[in-house]
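# build the 3D model from these lines:
(one chain, ligands or ions: 1)
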Amino acid sequence: MAELKGVTKVFKGKKAVDDLNFSIRKGEITAILGPNGAGKSTTIKMLLGLLEPSTGSVRVFNQKPKEKKVLERIGAMLQEVSVIDALTVKEILQLFRSYYPKPLPYEELVTITGFTKEELKKRAEKLSAGQKRRLAFALALAGDPDLLFFDEPTVGMDVTSRSLFWKTIDDLKARGKTIIFTTHYLQEADDVAERIILFHNGAVIEDGTPAEIKSRLTKKAVTFKHFGQKEAVFALKKLPIVSKVIANGDRFIVETSDTDALLRILFERQLPVKEIDIEQGRLEDAFERLTVKEEVI
Ligand SMILES: Nc1ncnc2c1ncn2[C@@H]1O[C@H](COP(=O)(O)OP(=O)(O)OP(=O)(O)O)[C@@H](O)[C@H]1O
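Numbers count the residues shown, from 1 in each chain. Take a look at the predicted model:
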């Protein structure tokens, strides 16, 4: 569906993304994750033909992303939505449908996005932030696209709208659509994505299923606050079951192959610890490990 080969994008002499190589397979739900400034939006903009790569090639449906034939088969929901404020939701939906050769039937579009009769009559300028997100979602679907991009789609949505949104994404997948999204809510990526591409400093550092990434990047760990000399905590590193001791602010993270045995040792040694947590490997932890400044001994 889409392919990047050796793609680099330079802004003012600085590389925003560097040598990207990956492809997106049909029918897959892919999450693109990474901390702020990692290069996610730049990558999506290149896939949408909004930015040209400095070097390398970006192909969508085996063509240049800017081709009309490609754009007609793509739907995108980006962070900023600009629509004509004076038009009603209904008018905007119909206008957008008219841009495409085979748009989604109007009734279907309304059903999928859940607009009520009252909402359809509202002018765009009068919509709440959540309703605007829903309108952006509807516009992404207007052309009945094969490939959909969602840039942080659930920002500003309440819990109900969020779960409704993901339910709809599931339905779209069942219809054979290919979906790429970015999010800062890692739990969403873990729950929804079949594949995660993890960006850091403009490069892809992990690519796999959520389960693969968690098992590669996370270790079992016991974390706690400690009120004594920190040397006593770092001494745990000498145990064969401990692989790493990390100080992260006022908490310590002790990575271990055996959390039960480590807990027994903590109590035997009577270390002054509080607020103990046992981590069994979450995507959140995998992500944090990459972005948190670590003091490792
Ligand atoms: N138009 C631009 N001009 C100059 N630098 C840019 C431009 N767009 C992005 N950058 C830089 O490129 C890098 C990657 O930015 P990008 O927006 O792709 O990151 P991101 O992963 O989408 O971040 P976020 O999670 O904050 O949206 C950053 O260092 C950013 O400052």
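
# who are the contact partners of E284?
By CB atoms under 8 Å, 6 or more residues apart in numbering, the residues touching E284 are L186, Q187. Where C-beta positions appear, they are placed from N, C-alpha and C, glycine not excepted.

# try 7 Å this time
Residues counted as contacts of E284 (CB atoms under 7 Å, 6 or more residues apart in numbering) are L186.

# any idea which element it lies in?
helix 283-291 (DSSP states H and E).

# kindly report the same for V245.
Following DSSP H and E, one finds V245 within strand 242-248.

# which other helices and strands contact that strand?
If contacts are counted by 3 or more CB pairs under 7 Å, 6 or more residues apart in numbering; DSSP states H and E, strand 242-248 sits against helix 230-234, strand 251-256, strand 295-296.

# and the angle from that strand to strand 251-256?
Angle of strand 242-248 versus strand 251-256, following axes from the mean of the first three to the mean of the last three CA atoms, to 10 degrees, is 170 degrees.

# and the stretch 1-150 of the chain, which residues reach the ligand?
F11, K12, A16, G34, N36, G37, A38, G39, K40, S41, T42 (CB under 6 Å from any ligand atom).

# for PyMOL, write the selection for the buried entries among these.
Entered in PyMOL, the line below selects the buried ones among those, by 16 or more other CB atoms under 10 Å:
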select buried, resi 16+34+38+39+40+41+42
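
# thinking again about what came up before, dump the C-alpha coordinates for the strand holding V245 into CSV.
What follows is strand 242-248, C-alpha atoms only, in CSV (Å, rounded to 0.1, in the frame of the first residue of the first chain):
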residue,chain,number,x,y,z
VAL,A,242,19.1,-8.5,38.7
SER,A,243,20.1,-7.2,35.3
LYS,A,244,19.9,-3.4,35.9
VAL,A,245,19.2,-0.8,38.5
ILE,A,246,17.9,2.5,37.3
ALA,A,247,17.3,5.7,39.3
ASN,A,248,14.5,7.7,37.8
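
# buried ones in that strand?
V242, K244, V245, I246, A247.

# return the distance of the second one relative to S257.
Going back to what we said before, that points to K244. As judged by CB to CB, to the nearest Å, K244 and S257 stand 11 Å apart.

# about what we covered before: the helices and strands packed on strand 242-248 into CSV, with extra columns for mean neighbour count and distance to the ligand?
Listed next are the helices and strands packed on strand 242-248 as CSV, based on neighbours: other CB atoms under 10 Å; distance: least, CB to the nearest ligand atom, whole Å:
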stretch, mean neighbour count, distance to the ligand
helix 230-234, 15, 33
strand 251-256, 22, 24
strand 295-296, 10, 26
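
# right, and F96 touches F137 too?
No: using CB atoms under 7 Å, F96 makes no contact with F137, being 11.7 Å away.

# more neighbours, the two?
For F96 versus F137, neighbours defined as other CB atoms under 10 Å are more numerous around F137 (24 against 21).

# tell me the mean pLDDT over the one helix or strand that one maps to?
For F137, the enclosing helix or strand under DSSP H and E is helix 129-141. For helix 129-141, mean pLDDT is 89.

# burial measure for R133, as a count.
The number of residues packed near R133 is 22, by other CB under 10 Å.

# going forward, the N-terminal residue is numbered 778.
Done: numbering now begins at 778, and the last item shifts to R910.

# contacting residues around it?
Applying CB under 7 Å, 6+ apart, we find R910 in contact with G933, M934.

# for the helices and strands packed on strand 1019-1025, which one sits closest to K803?
strand 1028-1033 (38.4 Å; CB to CB).

# quick check: end-to-end length of stretch 830-840?
Stretch 830-840 has its terminal residues 15 Å apart, counting by CA to CA, to the nearest Å.

# what mean pLDDT would you report for that stretch?
The average of the pLDDT scores along stretch 830-840 is 96.

# now do the helices in the stretch 828-977 of the chain.
Remark: helices assigned in the stretch 828-977 of the chain by DSSP state H, counting those that start in this stretch are 845-848, 866-875, 883-890, 894-898, 906-918, 936-951, 963-969.

# for the ligand, see how far away A913 is.
Between A913 and the ligand the distance is 16 Å, computed by CB to the nearest ligand atom, to the nearest Å.
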